[in-house]
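Asks: my questions concern the predicted model and sequence given below.
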Amino acid sequence: MKHVQDFKVKTYRWLNDENYILTLQGESLETEILPGNFAEIRVPGIADVFLRRPISILDFNPTENTISFYIKAIGKGTRQLGELQIGETISIVYPLGNSYSVVEEGKALLVGGGSGIAPFIQLGRELKKRNIQTTFLIGGRTKNDVFLTDEFSEFGEVLVTTEDGSRGEKGFVTHHSVFSGDFDFNKIYTCGPDPMMKAIAKIAGEKNINCEASLENMMACGIGACLCCVTPTVNGNKVVCTEGTVFNTKELGW
Amino acid sequence: MKHVQDFKVKTYRWLNDENYILTLQGESLETEILPGNFAEIRVPGIADVFLRRPISILDFNPTENTISFYIKAIGKGTRQLGELQIGETISIVYPLGNSYSVVEEGKALLVGGGSGIAPFIQLGRELKKRNIQTTFLIGGRTKNDVFLTDEFSEFGEVLVTTEDGSRGEKGFVTHHSVFSGDFDFNKIYTCGPDPMMKAIAKIAGEKNINCEASLENMMACGIGACLCCVTPTVNGNKVVCTEGTVFNTKELGW
Amino acid sequence: MVDLKVNLGGLQLKNPVTTASGTFGFGTEFADFFDLSLLGGIFVKGITLKNREGNDYPRMAETASGMLNAVGLQNKGIDYFIDSIYPEIKHYNTEIIPNVNGSTVEEYIEVTEKINEVEGINAIELNISCPNVKEGGMAFGVSCPSAIAVTEAVRECFDGTLIVKLSPNVTDITEIAKGVEGAGADAVSLVNTFLGMAIDAQTRKPLLSTITGGLSGPAIKPIALRMVWQVFNAVKIPVSGMGGIMNATDAIEFMLAGATSIQIGTANFIDPQVSVKVIEGIENYCKDNGFDSVTDLVGALEV
Amino acid sequence: MVDLKVNLGGLQLKNPVTTASGTFGFGTEFADFFDLSLLGGIFVKGITLKNREGNDYPRMAETASGMLNAVGLQNKGIDYFIDSIYPEIKHYNTEIIPNVNGSTVEEYIEVTEKINEVEGINAIELNISCPNVKEGGMAFGVSCPSAIAVTEAVRECFDGTLIVKLSPNVTDITEIAKGVEGAGADAVSLVNTFLGMAIDAQTRKPLLSTITGGLSGPAIKPIALRMVWQVFNAVKIPVSGMGGIMNATDAIEFMLAGATSIQIGTANFIDPQVSVKVIEGIENYCKDNGFDSVTDLVGALEV
Ligand SMILES: Cc1cc2nc3c(=O)[nH]c(=O)nc-3n(C[C@H](O)[C@H](O)[C@H](O)COP(=O)(O)OP(=O)(O)OC[C@H]3O[C@@H](n4cnc5c(N)ncnc54)[C@H](O)[C@@H]3O)c2cc1C
Ligand SMILES: Cc1cc2nc3c(=O)[nH]c(=O)nc-3n(C[C@H](O)[C@H](O)[C@H](O)COP(=O)(O)OP(=O)(O)OC[C@H]3O[C@@H](n4cnc5c(N)ncnc54)[C@H](O)[C@@H]3O)c2cc1C
Ligand SMILES: Cc1cc2nc3c(=O)[nH]c(=O)nc-3n(C[C@H](O)[C@H](O)[C@H](O)COP(=O)(O)O)c2cc1C
Ligand SMILES: Cc1cc2nc3c(=O)[nH]c(=O)nc-3n(C[C@H](O)[C@H](O)[C@H](O)COP(=O)(O)O)c2cc1C
Ligand code: FES
Ligand code: FES
């Protein structure tokens, strides 16, 4: 069930000077949160941020009633969310969106980059529960853009590419050697910038492997009420915040 | 000379749960600040406060580059100004407005109420410099609305009225016994709610004593550019933020 | 006990708080957040004769205290509404008011005729003010003759309360209001969104696929309030007021300016529970200020 | 080196940044804050034939991301301007542009004829869009025939650049723009304020003495930007754009939409130094994006 609920800022963990993990604590917590779900966060105390900001749910802890987000400070809202006082109240609407469909057998490849990787913590955990052999492939421009790999390694193997070669293989994720030779994955999950996801979808198509991507969009409500956030699909315009954010890449025509 | 300048929040002193003294510190300070001058303060970090807020200058300290304000939290801006973090940056335009004309001889009566009393610190000090015998008459609803009397007592005698009689004489300032019997003041200064100032102006008129009042108004710019803040006078509409805020009550036709 | 009931041109509302078309889906999107039966009414999202895919994306841009949208009336058409959606929402104890759209007078008529057959629907809102479609929409609402023509045509085929939704993108909104009053409207609702535009200075491209879109939110409130007050003073039929209402105080201001009922739009995106808070706030205001009936607020501005 | 010069209908401005009438006094009010000679130009506050006391107070109310004003053209009349004010400000190395107002065409003519005799004044802004006066003002600007009539009349008695300031309170601003272009205007400026209203829910009274007033500030920016873009595409004469410009990015957006120069209004109240910051910001943008001349930005929106 969706809630609009007040939380308090519990902790910040800064990964570098523009990426941080924000953890909020509430008096209660809705625990039916699925991998790929997001929240609409109200940014407190800043003149120019009118609408809520959609942010994927990184993780949650039902014992502590905490919920956390991995945020990249790119604009006024995401910057301000990094500057709140501990204990400050913040309203979120959650959990929103559909979710990745967790496979029950075989091998899964999770390909992500940038702040897109947030859903992979929950997804990795669910896959591990089902004993799926999971590989994470994380891309970045340099080694300083590659985060959360320690966390991912709890759930499976972690591969990295960087454009400058400073960590892992040099190049884009799509050029990683995992795609050449023996490729025995039966599911690809992807999250990140559109061009990256499209390239991965193309590989998946060539290899005839089922692939799911999580889309971003300009969102006003996050709950399917305004129809601002549509994406074209082979079945017509679909509402990203409710019919997605996760789509099968075939449906996207990618 | 007028400045627009960034200061940092140095201290708060809360007088009760809605009245506080805010002290700001800058890297420099314009020290030509006259009794009655005000500043236009930009309220940081709140969505609904678009314009600056006009607030009288309570006091300033050229050695420490500090400037202070006595603020009553009555709305969104004045509440937010009471909740800033120490060290937060705040922009003010100052010093603005004309000033009380400081008499050079005789006895002065300063009548004020509410947040109107802020200019009386500077005015009291200037009068004391000139050896003027100064009496402060401060009104409030109850003893909990009467502030800064310790400060005023450095510059002269302090009389108080409260509507419920909990401190000083019971009733409005205009009913205080100082106005009956021997009344040998040659100047009255007043600052506070309009009805109070008008009543004081009437007494001054009857006693034929020179009286100056400081007016409030809805202000957009505070520097005479927008003409939003006029008040009718016997000489036509006058601009409160530059031709005032201090007016002779005769000119106001009071 | 404050009497919160209002009568909007024959339509009885249990309280003056309704939600605005296009901002509240079909209601169900908000069912997790509060009991929809608390509402005076729900203006459901704009409906056309046939399925419409709406505009390309991006369809939304944030602005100072507001937002632009360019949805373009995406919906599955009137038959789908009647067959598949209305049965799901009709059990809510609140007025369900369809928002009727068309590119031609004939289309408006066809949609209305179908709705007229549906039991339980007591009113429609005739949208002659959508700025986000190429043909029809706002074109009807900014010219007096065409506003009158479509209102007259729809009046003839609808038995319930006919509410005509006016565009604010006009020189004199009272002229259009008087026109549709004469043409048989039972009430007017205003305002729809203002035609606006946003640009990304870095890419030098418009932020909406359609270049221009409709501005809503608190930014427009002062203009919307002025128009409600002007129309209230110009016509005898009641006004359903909206434009930037974010809380009970805003809603009360619209009622003081002359709105019999109010609609909450963009605020639903910021706080999905805002409409119940507004109902409570209006009730408290009436209690605190000695109004026995909320209708005493309507047009009570002291000028 | 970026060339910041622009030509506004024959008027040479050293850069596209000017300050808007009624928000910058006569300039001197800002002399403490920066060197006025840095500005492209100063549109001084509205001037009428005779002394005007303006409206009663209160004249101002704050709104979401904006403000309402009801100043009502308070000024000491054209003779006082020419004799007492202009001599004090003419030494600034910037264009001083009087904002001309009247209740009748004859008044507009008389004021203009007097200005035409003043050496050093190269342009006037004809204000046919003030929403805060009973007679004249906006009444001229919302009807095409009267806008044309006053423009033609003033054109005949003024030799310099004639800039006509348009009202946004119209159904189709391009129609008025084309009208005044045909009547001899050298440029149009837009937008003036939107007619709005604010109410105090507690006292149940309007917040302005005049009930309605003019809305300005970032709230109106999306609508103003849309109008600039429409007018740019409708006429050949240049546009001086304004409405909610708070920083260089906003100014650049107006230029991309088609403004040859821009005016900064309400933002002067928030930051008295904003206009110099905008000049610097535009210059940096041009440098960063490889524009040699600021005129390359004008209408460069990619649609
Ligand atoms: C479903 C979803 C999940 C997301 N998950 C995350 C996440 O886990 N971590 C993370 O860091 N970011 C995430 N994002 C992106 C995040 O929403 C934007 O970075 C944020 O809204 C930008 O706000 P801002 O005020 O900082 O930027 P602004 O200053 O408003 O603008 C900067 C840029 O951000 C983009 N943007 C602004 N508002 C939105 C919006 N409402 N929706 C989408 N894009 C917008 C625009 O392209 C704009 O140019 C997600 C977006 C969506 C739609
Ligand atoms: C020259 C001058 C000196 C002042 N000195 C002091 C002082 O020393 N200490 C102090 O506490 N207050 C002072 N005030 C009053 C102070 O400016 C207002 O209380 C403040 O602007 C209210 O802002 P807000 O956001 O808290 O209230 P809001 O939430 O905006 O509104 C609350 C009420 O405050 C009033 N108000 C709002 N904005 C203004 C404005 N720009 N100008 C005047 N009134 C306004 C309105 O009546 C409104 O109904 C002074 C006002 C003026 C004009
Ligand atoms: C995303 C969105 C979609 C809208 N769709 C419609 C619509 O289909 N029909 C209609 O009459 N109005 C539509 N509107 C206008 C609103 O009903 C309302 O008139 C407008 O938003 C002003 O109110 P507000 O400021 O409270 O949002 C839409 C508004 C928004 C923001
Ligand atoms: C207080 C005030 C007074 C104004 N007076 C005039 C005026 O005398 N003549 C005029 O043409 N415009 C006047 N305007 C309108 C501005 O010049 C400008 O068109 C409008 O404010 C929109 O720009 P902004 O949003 O940047 O303020 C006034 C605006 C304000 C806020
Ligand atoms: S953001 Fe409103 S429908 Fe998706
Ligand atoms: S507030 Fe602008 S002139 Fe006084």
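Replies: Happy to help now that I have it. For clarity, every value in this text was computed on a predicted model and none was experimentally measured. Ligands and ions are numbered 1, 2, ... in the order given.

Asks: how far away is the residue of the stretch 201-303 of chain C found nearest ligand 3 from chain B?
Replies: Nearest to ligand 3 in the stretch 201-303 of chain C, going by Cβ to the nearest ligand atom, is C:Gly265, at a distance of 2.4 Å. C-betas here are computed from N, CA, C, even on glycine. C:Gly265 sits 18 Å away from chain B, taking Cβ to the nearest Cβ, to the nearest Å as the criterion.

Asks: ok, now which ones touch that residue?
Replies: Contacts for C:Gly265 were tallied using Cβ atoms under 8 Å, 6 or more residues apart in numbering or on different chains; they are C:Thr19, C:Ala20, C:Gly22, C:Thr23, C:Ser216, C:Gly217, C:Met242, C:Gly243, C:Ile245.

Asks: got phi/psi on the closest residue to it other than its chain neighbours?
Replies: Of all residues not flanking C:Gly265 in the chain, C:Ala20 sits nearest, at 3.6 Å (Cβ to Cβ, 6 or more residues apart in numbering or on different chains). Dihedral pair for C:Ala20: phi -90, psi 150, per degrees, to the nearest 10.

Asks: C:Ala20 is in contact with C:Gly243, isn't it?
Replies: No. With contact defined as Cβ atoms under 8 Å, C:Ala20 and C:Gly243 do not form a contacting pair (9.2 Å).

Asks: any idea which helix or strand carries the residue lying closest to C:Ala257 once chain neighbours are set aside?
Replies: Closest residue to C:Ala257 apart from its sequence neighbours, by Cβ to Cβ, 6+ apart: C:Trp229 at 4.1 Å. Using DSSP states H and E, C:Trp229 falls within helix C:221-234.

Asks: partners of the very next helix or strand once past that helix in the sheet?
Replies: Counting by DSSP H and E, the next helix or strand C-terminal to helix C:221-234 is strand C:239-241. With DSSP bridges as the test, strand C:239-241 is paired with strand C:187-190 (parallel), strand C:259-264 (parallel).

Asks: thinking again about what came up before, need the contact list for the residue nearest to C:Gly265.
Replies: C:Phe43, C:Met242, C:Gln263, C:Ile264, C:Gly265, C:Asn268.

Asks: the residue nearest to C:Ala257: neighbour count?
Replies: 26 (other Cβ atoms under 10 Å in any protein chain shown).

Asks: so how far is stretch C:25-35 off the chain centroid?
Replies: Centroid separation between stretch C:25-35 and its chain, computed with Cα atoms, centre = their mean, to the nearest Å, is 17 Å.

Asks: for whichever residue of the stretch 1-150 of chain C sits closest to ligand 4, give its distance to C:Gly182.
Replies: Ligand 4 sits closest to C:Ala64 of the stretch 1-150 of chain C, with a gap of 10.5 Å, by Cβ to the nearest ligand atom. With distances taken as Cβ to Cβ, to the nearest Å, C:Ala64 is found 38 Å from C:Gly182.

Asks: same check on A:Leu148?
Replies: A:Leu148 is 66 Å from C:Gly182, by Cβ to Cβ.

Asks: same deal with C:Val133?
Replies: From C:Val133 to C:Gly182 the distance is 26 Å (Cβ to Cβ).

Asks: residues contacting residue 116?
Replies: No chain specified, so I'll use chain A. Applying Cβ under 8 Å, 6+ apart, the residues near A:Gly116 are A:Cys191, A:Gly192, A:Pro193, A:Met196, A:Ser214.

Asks: that was the other one, I meant chain C.
Replies: Here C:Asn116 is in contact with C:Cys157, C:Phe158, C:Asp159, C:Gly160 (Cβ under 8 Å, 6+ apart).

Asks: let's see 6 Å
Replies: C:Phe158 (Cβ atoms under 6 Å, 6 or more residues apart in numbering or on different chains).

Asks: tell me, how many residues neighbour C:Tyr108?
Replies: 27.

Asks: give the contact list for C:Thr212.
Replies: C:Leu195, C:Met197, D:Arg226.

Asks: what do you get if the cut-off is 7 Å, keeping everything else the same?
Replies: By Cβ atoms under 7 Å, 6 or more residues apart in numbering or on different chains, the residues touching C:Thr212 are C:Leu195, C:Gly196, C:Met197, D:Arg226.

Asks: among those residues, the buried ones, what's the PyMOL command?
Replies: Selection of buried members from those for PyMOL, criterion 16 or more other Cβ atoms under 10 Å in any protein chain shown:
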select buried, (chain C and resi 195+196+197) or (chain D and resi 226)
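
Asks: among the contacts of C:Thr212, which are located in strands?
Replies: Among the contacts of C:Thr212, the members found in strands (DSSP state E) are C:Leu195, C:Gly196, C:Met197.

Asks: hmm, stretch A:37-49 in reach of ligand 5?
Replies: No. Figure legend: stretch A:37-49 not in contact with ligand 5 (Cβ under 6 Å from any ligand atom); closest approach 8.4 Å.

Asks: what is the end-to-end distance of that stretch?
Replies: 22 Å (Cα to Cα, to the nearest Å).

Asks: got the contact list for it?
Replies: For stretch A:37-49, using Cβ under 7 Å, 6+ apart, the contacting residues are A:52-57, A:76-77, A:80-81, A:84, A:88, A:90-97, A:99, A:222, A:245, B:45-47, C:64, C:270.

Asks: repeat the analysis, applying 8 Å as the threshold.
Replies: A:52-57, A:67, A:69, A:76-77, A:80-81, A:84, A:88-97, A:99, A:119, A:122, A:219, A:221-223, A:245, B:45-47, B:49-50, C:62, C:64, C:270, D:65.

Asks: and if you look at stretch A:188-208?
Replies: Defining contact as Cβ under 8 Å, 6+ apart, one finds that stretch A:188-208 is touched by A:36, A:100, A:108-114, A:116-120, A:123, A:139, A:172-174, A:179, A:183, A:209-216, A:249-250, A:252, A:254.

Asks: out of those, which end up buried?
Replies: The buried subset of the contacts of stretch A:188-208 - by 16+ other Cβ under 10 Å - is A:36, A:100, A:108-114, A:116-120, A:123, A:139, A:172-174, A:179, A:209-216, A:249, A:252, A:254.

Asks: contacts for stretch A:151-158, please.
Replies: Here stretch A:151-158 has contacts from A:110, A:120-121, A:124-125, A:127-128, A:133-136, A:138, A:149, using Cβ under 8 Å, 6+ apart.

Asks: got the residues of the stretch 151-254 of chain A near ligand 1?
Replies: A:Glu216, A:Asn217, A:Met218, A:Met219, A:Thr245.

Asks: if I read this right, the second one contacts A:Thr242, doesn't it?
Replies: The one in question is A:Asn217. No. Here A:Asn217 lies out of contact with A:Thr242, judged by Cβ under 8 Å, at a distance of 11.5 Å.

Asks: ok, the closest residue in space to C:Lys90 that isn't next to it in sequence to C:Tyr92 distance?
Replies: Closest residue to C:Lys90 apart from its sequence neighbours, by Cβ to Cβ, 6+ apart: C:Gly120 at 5.2 Å. As judged by Cβ to Cβ, C:Gly120 and C:Tyr92 stand 10 Å apart.
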